[in-house]
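1. Please work out how this folds:
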Amino acid sequence: MEIKLKWQTVNRAPKGRWLKASWPEDEYDVNLLFWNIQEWCDQNKCGVRMSYDMWKFRSKAEVTAFLLRWS
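-> The predicted model follows:
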């Protein structure tokens with residue numbers, strides 16, 4: 001079963017563009033998905049995972065590419 005993530009923007013102290021993931025309450029095992037997202041980010045130099053469910057981006061273009069892939 002595929003876990004459907006929702007992404008929301010987050011205002012953080014260090015400047016940058018941040019996205020936070022949320023998912024249905026009954027879906028608890030998102031660890032593998034988050035590792036896949038992190039690997040994709042590393043390979044494409046698009047965003048950095050900053051915490052368990054948050055990613056930081058350098059530009060709007062990175063956010064757009066990320067959302068096109070992971071939304």
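2. I'd like to know how many residues surround Pro24.
-> Using other C-beta atoms under 10 Å, Pro24 is surrounded by 10 other residues. Heads up, the C-betas are built off the backbone N, CA and C, glycines and all.
3. For the chain, just list every one of the helices.
-> Taking DSSP state H, the helices of the chain run over residues 31-44, 60-70.
4. For Ser51, which of those is the nearest?
-> Closest to Ser51 of the helices of the chain is helix 31-44 (C-beta to C-beta; 10.4 Å).
5. Report all helices and strands that the closest one contacts.
-> strand 48-51, helix 60-70 (3 or more C-beta pairs under 8 Å, 6 or more residues apart in numbering; DSSP states H and E).
6. picking up where we left off before, can I get the helices of the chain in CSV with mean pLDDT and mean neighbour count?
-> Shown next, in CSV, are the helices of the chain (pLDDT from 0 to 100; neighbours: other C-beta atoms under 10 Å):
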stretch, mean pLDDT, mean neighbour count
helix 31-44, 93, 13
helix 60-70, 93, 14
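7. Put together TSV for these, with distance to Ile3 on each row.
-> Formatted as TSV, these follow (distance: least, C-beta to C-beta, whole Å):
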stretch	distance to Ile3
helix 31-44	6
helix 60-70	11
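8. Which one of those helices lies nearest to Gly16?
-> Nearest to Gly16 among the helices of the chain is helix 60-70 (10.0 Å), distances taken as C-beta to C-beta.
9. and that closest one with helix 31-44, angle?
-> Orientation of helix 60-70 against helix 31-44 (axes from the mean of the first three to the mean of the last three C-alpha atoms, to 10 degrees) gives an angle of 140 degrees.
10. what's the closest non-adjacent residue to Tyr52?
-> Among residues not flanking Tyr52 along the chain, Phe34 sits closest, at 7.3 Å (C-beta to C-beta, 6 or more residues apart in numbering).
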